[in-house]
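> build the 3D model from these lines:
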Amino acid sequence: MIDKSAKWITSLREEIRKECGHGWMVRGIGNGHVQKVQLTIRYKNGERDSIILGPKAKRDPDFVPWVGTSAGWILHVSKDISIIMKSQEKSLAEAYELLKQKKKSDSYRDLDWGKLSRKFKIHKTSNGKKSSRVWNRNYRTTIDRTLIILINQPKASNGYTVLKTLVEHHGGEPGSASRRLRIQYAAEFLRFAFKNGADKSFLPPDDLTLLIGEKAPIKKHKNDASKPISS
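Numbers count the residues shown, from 1 in each chain. Okay, here's the model as predicted:
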């Protein structure tokens, strides 16, 4: 039986080859449903070199699995490694170690959230005037508020806390459409940020139900007409 790769895998591999070179390859390895990400370079002389991207232990909170939602992050890291290898003439392992050290030394506040938000806007409005109207109507205010939280709230150092703070400041009624959409738009931006260099900790929860909340049940009032008439 022929193993056909998912569309996101085919697309990711094409992007990596385009950005890094034809000898660059990625795949999932390991036992079980959740696999690690392996990056491999095949050199012109036929030799190969491989590393694991992200923590090797699956229990590590920063572990990045071989799934579609990790594709943007994998591409971003691969491009950074490629640049270091070419500019500093480092091996694959050396380049990745330098990249990890740089990311570790960069503080939370050093991340350019403003640049990421502008990049997100371009991503959402690249399809013309209709997309621009959708951005202004749906995304602009929420992303601006999320940006303020990310820049000015030092304790908002992960995706859940960012969304929780957004709810506390601008939430709206639990379970309302406005609150649900506000959380969804902000979560979309945080996922985009992860794909473009933010730490995995900034990913929003998979289930946003608790943050969105539930509408309060409608209280039923007894009909006065149904009450017995006192004599």
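
> tell me the domain ranges of this protein?
For the chain, the structural domains run 7-105, 109-212, going by automatic domain parsing.

> make TSV out of the ones you listed and add mean pLDDT and mean neighbour count.
C-betas here are computed from N, CA, C, even on glycine. TSV is the format used below for these (pLDDT from 0 to 100; neighbours: other Cβ atoms under 10 Å):
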stretch	mean pLDDT	mean neighbour count
domain 7-105	91	15
domain 109-212	88	16
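
> for this protein, just list every one of the strands.
Under the criterion DSSP state E, the chain contains strands at 24-29, 36-42, 48-53.

> and the contacts of the last one?
Meaning strand 48-53. With contact meaning Cβ atoms under 8 Å, 6 or more residues apart in numbering, strand 48-53 is reached by 26, 29, 36-43, 64, 74, 77-78, 91-93, 96.

> quick check: the spatially most central residue of the chain vs Gln38, distance?
The residue lying closest to the centre of the chain (Cα atoms, centre = their mean) is Arg191, at 2.2 Å. Arg191 sits 23 Å away from Gln38, taking Cβ to Cβ, to the nearest Å as the criterion.

> then Gly46?
Going from Gly46 to Gln38 by Cβ to Cβ gives 18 Å.

> can you put the strands of the chain in TSV and add distance to Pro204?
Shown next, in TSV, are the strands of the chain (distance: least, Cβ to Cβ, whole Å):
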stretch	distance to Pro204
strand 24-29	23
strand 36-42	21
strand 48-53	22
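
> please identify which of those is closest to Thr125.
Minimum separation from Thr125 across the strands of the chain (Cβ to Cβ) falls at strand 24-29, 29.9 Å.
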